[in-house]
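Student: with the sequence up front, the predicted model follows.
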Number of protein chains: 2
Amino acid sequence: MGATILDKQTGRAEFRVFAFNKKKVELLLKNAAGETVVPMSEEEPHIYSALIENAAQEMLYKFRIDGEGDFPDPYSHFQPEGVHGFSQVIDHQKYQWNDQGWKGKDLSELIIYELHIGAFTPEGTFRAAAERLDYLLELGVNTIELMPVTQTPGKWNWGYDGANLFSVNKNYGSPDDLKYLIDRCHQKGLAAILDVVYNHLGPEGNYLPAYGPYFTLKHATPWGAAVNFDDQYCEMMRSMVLDNVRYWLEEYHFDGLRLDAIHSIKDESPTHILQEISSTAKKTAAALNRRIWLIAETDENNVKIINPPDKGGYGIDAQWMDDFHHCVHTVLTGEKQGYYIDYGRLEDLPKVYKNYLYTGEYSQFWQKNRGSDASRNPGAQFVVSIQNHDQVGNRAGGERLGALVDFPSLKIAAGLLFFSPYIPLLFMGEEYAEKNPFLFFTDYEDPKLKAAVSQGRKEEFKAFGWDNFPDPEEDSTFFSSRLTPRENWDEQNKQMFAFYRDLITLRKSHPALSNLDKENTEVTVDKESQLVEIRRWHGSVELTALFNLGENDFPLPASKGKQIFNAGWKKYGGNREGDSDVLEKKGMIVLESTNGL
Amino acid sequence: MGATILDKQTGRAEFRVFAFNKKKVELLLKNAAGETVVPMSEEEPHIYSALIENAAQEMLYKFRIDGEGDFPDPYSHFQPEGVHGFSQVIDHQKYQWNDQGWKGKDLSELIIYELHIGAFTPEGTFRAAAERLDYLLELGVNTIELMPVTQTPGKWNWGYDGANLFSVNKNYGSPDDLKYLIDRCHQKGLAAILDVVYNHLGPEGNYLPAYGPYFTLKHATPWGAAVNFDDQYCEMMRSMVLDNVRYWLEEYHFDGLRLDAIHSIKDESPTHILQEISSTAKKTAAALNRRIWLIAETDENNVKIINPPDKGGYGIDAQWMDDFHHCVHTVLTGEKQGYYIDYGRLEDLPKVYKNYLYTGEYSQFWQKNRGSDASRNPGAQFVVSIQNHDQVGNRAGGERLGALVDFPSLKIAAGLLFFSPYIPLLFMGEEYAEKNPFLFFTDYEDPKLKAAVSQGRKEEFKAFGWDNFPDPEEDSTFFSSRLTPRENWDEQNKQMFAFYRDLITLRKSHPALSNLDKENTEVTVDKESQLVEIRRWHGSVELTALFNLGENDFPLPASKGKQIFNAGWKKYGGNREGDSDVLEKKGMIVLESTNGL
């Protein structure tokens, strides 16, 4: 489907499109001389095709349906004029890859860095991001996760308003620029994950309904009609999604996909589309001889998602575990709004190092029993974070955790993260305690939609009593959400960066931390003193991380091992050097011991 | 929940009810002297209870909610005044059972007889049905399946408009009368299955919404709002359904439940309610030390329903397989309307003796790919029929198969049924070629609903060009749907009964038929000559059933064995006696051979 160059020399290209129950479908070509209309033939029911000889490469085109409207290609790989404009033929053979030999990484070794291309650098491009990879290597992360990169309306957008599934966002560069970024990653030993959205399409520039029944009212979603995975004529959407999975892995060499909000992917078919996505990714990995992972975003605490198909699961490799974030966030901030009502107990911490927190218990927010038992699922099936684009950006003020808790508590949060037997995910800027917010920003082209989004955001937060916060549609909202260039960092930024860098080094190099065995993890809390102890071990080596969330200093127990790390050291913004005899308030100390545990 | 007699001697009874977010719930008692209001206390959030001393047995009661309305008990076991009236306390200790030692039957030996209590006998009662069991024994079936028996509006109803889940329909008798029927069944070696409806409640007399969020708009069903199995406060409905499963098995000694239209039971919880129903039934069976089965009605061809939980299934024992019915029906009738558009090919027959017909292929009626692979699921997981209440009664004219095909073809249909490696289900009357239709009949009490149902039925069938058929609300529609008493049978009725009786005897007694091994089944068809051959074998014994659906006689192959059965014998309405040298047009002959196959 879409435009495929068959012969580079002669310029022969094939155009294929699905258009359901139409009378006439034509190919509209555009070049400097003007527009040409080429008839398309219905090669099989509802599938139209045309062969063009001497087609200029990177030609612009649309499809004309029943003579009534011209629409971008649902399979468009590039929209140089934006979501409403012409699609462009892309030559995927052009880019010369230099990542031969790259085999990917094991899921269990990932340390993920989530970033938004537009806000990660001042330039906001794939090329600019590619120039910052050494910084990430210095930090120690080994995987980047790109927020969605398909074409969205206007100058900027988080990415979840993509108008189709295949285009590369022109605001960030060209398809080749994206390939360059991934290629550079691989050359430097970094893996790359792409956030893909199969649960809805953006409200502007989505022309799929002009082509056929890609959506259905059979199910309701937060975005209205559901993507049609199980209603009449669902095969076109199903195959489009599977094509898309292969496309990002094959043409762009991505190492994995993060599947956005899968709880809104509604499918009652005997084989759930997620299971087909999973088997497609596995087949692609085998064909490419690379490790490839699928990571689901879900709030459902349902092990079916990550269990293998022979146990009735969907076979997704891993999932985001929000319970971990919510536990840490609420324990440190004391917040109770929204879904945080279900969290905030220090004594919940031990469970979320072994399982979901909600494994069938009644949830006040959900107002029903929530979750299933994940105690037997390995730690490498869970991605956890203490900040991410959603948890920061879906706040009215886009406050990062550092705007809510003091500097020592921010370090405790990071310590709790890296001592978990799960895959850690950092949200860009977290590593140096970025002070800029990460706000929800949009730039719709349709004036009605612009007004509706601004108004909708106000309504949404009125319930929380928040009425004075940045308008998503204001340019300043985007600008204030960009990262602070390193040359402008203050002392605390540098201290936090050092703290993260050293903690990541410890996490990667120490066998007690680099294994993700939940069985080799023991968390205990002393609620009254607000102390948390995390023991992680491997063989005869053990690390004990002691956290003091309270307001009192406590003498350190003598016998637990050698002090190898202290959040209170001066280089991390504290007052100490070397060994300490107290666990300071808001402090964190790591002890190492071997043998005789 | 509901009314429970705690002490028969003193008349002590407890009343408990779930009422969500109410201010005041009271118990309204009614006797000859008038009505009494008793306060109820909220023993835990949303659960109200009251203890009554010296309560008369079989006392009438309702619950009064916030002083605004009096409603029947959602757990009412009997509604002597109908769906809108008072509930009655039922003493389940009163009935003296005589089925001690009954252990149930193996799924694979079942021959099911589906019946509607109201139309099965002229009296239309449980007691009258109990007097007809010897007739069923004579026929040879060993299991009765009762269409739903909960309280419905008016004088008659198919049963799928039950106003609650626990009441016994007063039109058919009392709870003790139903127990008597089951008890008699067990004493005579018959098992009993009850059709239960968990996908919706009837449109009249359903007072559950007055009590709490038993329904949700999260999902849509053909009946409107869905039963709430996964939305806020779903626990009450979930536990009510599980209580109901136990109730029919424990209090009424049913041997199994037929779960109506489970494709409309919408549940996105980590553990689907069907899986909980299954595990509840299994626990109950173990506690009662009886064999108990769950049989699902579903049109989804989804093996998840019948696969065990450790393979990600729901663990339901068996399911209806409509594909079998549709293949046989369309091959014999040539009908193409509605979903029959997907059937009608003689060459499909071999597949439906091994699997669903639709195992992922495109369906013109569903307009998408349909089904999953059931080739590895044993034959005893599928219940098949050539007629059932739906396939007959959902036709405008309620025509049984005998009204659509000639007498010899009717025998072919039965032969195809009993030679399948599946559990056969007969619809009452089928066994003697009943000529009365089985029409859709209702008798709503609400005049608006009466008019809407009559009108709706007309609209529904207008699409098929049918506009002259019985009105569901007319008394004559029910009366004309009752079975013809045996004393009024004509010659053909008697011949067909003999045919069914002998075929059932063969099915039960012959090892080649009584095993349900799909592996020991081979079906071949000759499309041109319209011949079907079904081979069934066990060890060295083989039966070959030859069917001639065409209009020409064919010479019989000599070598296939001894003729043991011929649909053309005089006793079955044909012209022959003894061995035949031809396979007559519309004929069926069974050959037996041993060794040297």
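Tutor: Okay, I see it.
Student: okay, CA-based contacts and neighbour counts for the rest of this
Tutor: Noted.
Student: enumerate the residues of the stretch 301-450 of chain A near chain B.
Tutor: Proximity of the stretch 301-450 of chain A to chain B (Cα under 8 Å from any Cα of the partner chain) is limited to residues A:301-304, A:309-313, A:366-372.
Student: pick out the residue closest to the middle of chain A.
Tutor: Nearest residue to the geometric centre of chain A (Cα atoms, centre = their mean): A:Asp195, 4.7 Å.
Student: report the contact partners of that one.
Tutor: By Cα atoms under 8 Å, 6 or more residues apart in numbering or on different chains, the contact set of A:Asp195 is A:145-149, A:257-260.
Student: same thing but at 7 Å, please
Tutor: A:145-148, A:257-260 (Cα atoms under 7 Å, 6 or more residues apart in numbering or on different chains).
Student: now swap in A:Leu425 and tell me
Tutor: A:111-114, A:383-385.
Student: pick the one among these closest to B:Val17.
Tutor: Nearest to B:Val17 out of these is A:Val384 (Cα to Cα; 42.4 Å).
Student: would you agree that closest one is in contact with A:Ile423?
Tutor: Yes - A:Val384 is within contact range of A:Ile423, at 6.1 Å (criterion: Cα atoms under 7 Å).
Student: so which residue of chain A comes closest to chain B?
Tutor: In chain A, no residue comes nearer to chain B than A:Gly312, which is 3.3 Å away by Cα to the nearest Cα.
Student: so which of the contacts of A:Leu425 is the most crowded?
Tutor: When the contacts of A:Leu425 are compared by neighbour count (other Cα atoms under 10 Å in any protein chain shown), A:Ser385 ends up highest, at 27 neighbours.
Student: show me the beta-bridge partners of A:Ser385.
Tutor: Applying DSSP bridges to A:Ser385 yields these beta-bridge partners: A:Leu425.
Student: hmm, back to that, tell me who's in contact with the nearest residue to the residue of chain A closest to chain B once chain neighbours are set aside.
Tutor: Leaving aside its sequence neighbours, A:Gly312 sits nearest to B:Gly312 (Cα to Cα, 6 or more residues apart in numbering or on different chains; 3.3 Å). Counting by Cα under 7 Å, 6+ apart, B:Gly312 touches A:311-313, B:304.
Student: related to what we said a few turns ago, out of the contacts of A:Asp195, who's nearest A:His219?
Tutor: Nearest to A:His219 among the contacts of A:Asp195, counting by Cα to Cα, is A:Asp260 at 17.7 Å.
Student: what about that closest one, how many neighbours?
Tutor: Neighbours of A:Asp260 (other Cα under 10 Å): 22.
Student: Provide the contact partners of the top helix by length along chain A at residue level.
Tutor: Secondary structure of chain A per DSSP state H: the longest helix is helix A:491-509. Helix A:491-509 has contacts (Cα under 7 Å, 6+ apart) with A:139-140, A:418, A:431-434, A:513-514, A:571-573.
Student: redo those as CSV? Include secondary structure, distance to B:Glu592 and neighbour count.
Tutor: Below are those laid out as CSV (DSSP: H, G, I helix; E, B strand; the rest coil; distance: Cα to Cα, whole Å; neighbours: other Cα atoms under 10 Å in any protein chain shown):
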residue, secondary structure, distance to B:Glu592, neighbour count
A:Leu139, helix, 80, 20
A:Gly140, coil, 77, 21
A:Phe418, helix, 74, 23
A:Glu431, helix, 81, 21
A:Tyr432, helix, 85, 24
A:Ala433, coil, 85, 23
A:Glu434, coil, 85, 23
A:Leu513, helix, 71, 25
A:Ser514, helix, 70, 24
A:Lys571, helix, 92, 18
A:Tyr572, helix, 90, 24
A:Gly573, coil, 92, 19
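Student: how about A:Arg482, nearest residue that isn't a chain neighbour?
Tutor: A:Ala119 (4.3 Å).
Student: brain fart, A:Gln367
Tutor: Nearest to A:Gln367 is B:Gln232, by Cα to Cα, 6+ apart, at 4.9 Å.
Student: now the one you found: which helix or strand?
Tutor: For B:Gln232, there is no host helix or strand (DSSP states H and E).
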